[in-house]
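> how does the following fold in three dimensions:
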Amino acid sequence: MMKLTFATLALTLSAGIAMAQTVRMGTEGAYPPYNFLNDAGEVDGFERELGDELCKRAELTCEWVTNEWDSIIPNLVSGNYDTIIAGMSITAERDEVIDFTQGYTQPDPSVFLAMSSDVDLKGGVVAAQTGTIQASHIASMGATVVEFATPEETIAAVKNGEADAVLADKAFLMPIAEAEADLSIVGDDVYLGGGVGMGLRESDGELRGKFDAAIQSMKDDGSLNALLAKWLPDSGQF
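Sure, this is the predicted structure:
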């Protein structure tokens with residue numbers, strides 16, 4: 001009887017491991033502090049730590065996949081990974097193509113970074129990463145927008161005179177302004193979008209529900225606020 005009990009237990013545990021759902025977490029790996037590649041070439045940052053905890057709470061096995069920003073939504077839809085967790089703001093336009101979890105950040109301010117404090121933000125040339133809410137905002141305010149595939153290219157455009165300023169998340173641009181004497185934050189904070197959430201295919205409602213519940217549990221026990229304080233100290237708390 002004892003042998004049978006242990007054998008049954010072993011089979012049950014093996015079946016549980018085999019049935020664990022593997023979820024591919026798609027991110028950019030180039031937008032610190034949200035996500036970046038560390039010296040070991042591994043995904044790191046706020047969203048790596050958050051995503052691992054969400055997967056643990058949802059009892060999912062997660063694998064991390066990097067993808068360039070400008071094709072991150074099409075490659076989710078086509079099945080190259082199962083989620084987007086890449087500093088993506090929740091917008092009505094994106095919500096027409098994919099679904100979002102509830103937000104895991106409050107709306108984060110965007111700011112302008114320039115080499116001169118008297119730069120013409122409304123009539124000048126402003127850089128932004130392709131497909132971002134910042135690029136759309138620049139066009140709506142009447143300035144000329146120049147779009148680049150990566151965040152690093154937007155900064156380079158300001159340095160080489162291709163753009164008068166760059167508009168991006170404050171959490172991304174502030175450390176750059178603090179580290180480089182010739183660059184500074186100019187103008188007022190700009191609030192865009194409805195916070196950052198995980199993107200999923202519209203057909204994956206069950207998976208979205210699991211992550212929604214995990215995010216809510218982190219809000220309820222204060223662990224999400226602790227992560228925000230660690231990685232995004234200037235952002236709002238829940």
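> could you point out which element follows the helix-or-strand element of the chain with minimal mean pLDDT?
Scoring the helices and strands of the chain by mean pLDDT, DSSP states H and E places helix 2-19 at the bottom, with a mean of 40. Sequence order places strand 22-27 as the next helix or strand after helix 2-19, per DSSP states H and E.
> contacts made by that next one with the rest, please.
Residues outside strand 22-27 that contact it (C-beta atoms under 8 Å, 6 or more residues apart in numbering): 35, 43, 47-48, 51, 55, 60-67, 72, 75-76, 80-86, 207. No exception for glycine: its C-beta is placed from N, CA and C like everyone else's.
> could I have the buried ones of those residues as ChimeraX selection syntax?
Buried residues within the contacts of strand 22-27, by 16 or more other C-beta atoms under 10 Å, are selected in ChimeraX with:
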select :35,43,47,48,51,55,60,62,64,65,66,67,72,76,81,82,83,84,85,86,207
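> give me the subset of the contacts of strand 22-27 that lies in helices.
47, 48, 51, 55, 72, 75, 76, 207 (DSSP state H).
> report the buried residues of stretch 213-224.
Buried residues in stretch 213-224 (16+ other C-beta under 10 Å): 214, 215, 216, 218, 219, 224.
> and the residue sitting nearest the centre point of the chain, how far from residue 122?
Nearest to the mean C-alpha position of the chain, counting by C-alpha atoms, centre = their mean, stands residue 87 at 1.6 Å. Look at residue 87 and residue 122: by C-beta to C-beta, to the nearest Å, they are 26 Å apart.
> which one among the ones in helices among the contacts of strand 22-27 gets closest to residue 91?
Nearest to residue 91 among the ones in helices among the contacts of strand 22-27, counting by C-beta to C-beta, is residue 72 at 14.0 Å.
> on the pLDDT front, check that closest one for me.
You'll see residue 72 listed with a pLDDT of 97.
> pretty sure it sits against residue 83.
No - at 10.7 Å, residue 72 and residue 83 do not qualify as touching, with contact defined as C-beta atoms under 8 Å.
> over to the spatially closest residue to residue 104 that is not a sequence neighbour. Which of the three states is it?
Nearest residue to residue 104, sequence neighbours excluded (C-beta to C-beta, 6 or more residues apart in numbering): residue 215, at 5.3 Å. Look at residue 215: counting by DSSP: H, G, I helix; E, B strand; the rest coil, its state is helix.
> what is the burial count for the closest residue to residue 124 other than its chain neighbours?
Among residues not flanking residue 124 along the chain, residue 164 sits closest, at 3.7 Å (C-beta to C-beta, 6+ apart). Residue 164: 23 surrounding residues under other C-beta atoms under 10 Å.
> and what of the one 3 residues further on?
Other residues within reach of residue 167, judged by other C-beta under 10 Å, total 29.
> before we move on, what about residue 30?
Under the neighbour criterion other C-beta under 10 Å, residue 30 is assigned a count of 19.
> so it is in contact with residue 37, correct?
Yes - if you go by C-beta under 8 Å, residue 30 and residue 37 touch, sitting 7.5 Å apart.
> residues contacting the nearest residue to residue 216 once chain neighbours are set aside?
Once flanking residues are discounted, residue 216 sits nearest to residue 102: 6.9 Å by C-beta to C-beta, 6+ apart. Residue 102 makes contact with 197, 212, 215, 216 under the criterion C-beta under 8 Å, 6+ apart.
> am I right that residue 102 sits in a helix?
No - with three-state DSSP as the criterion, residue 102 is located in coil rather than a helix.
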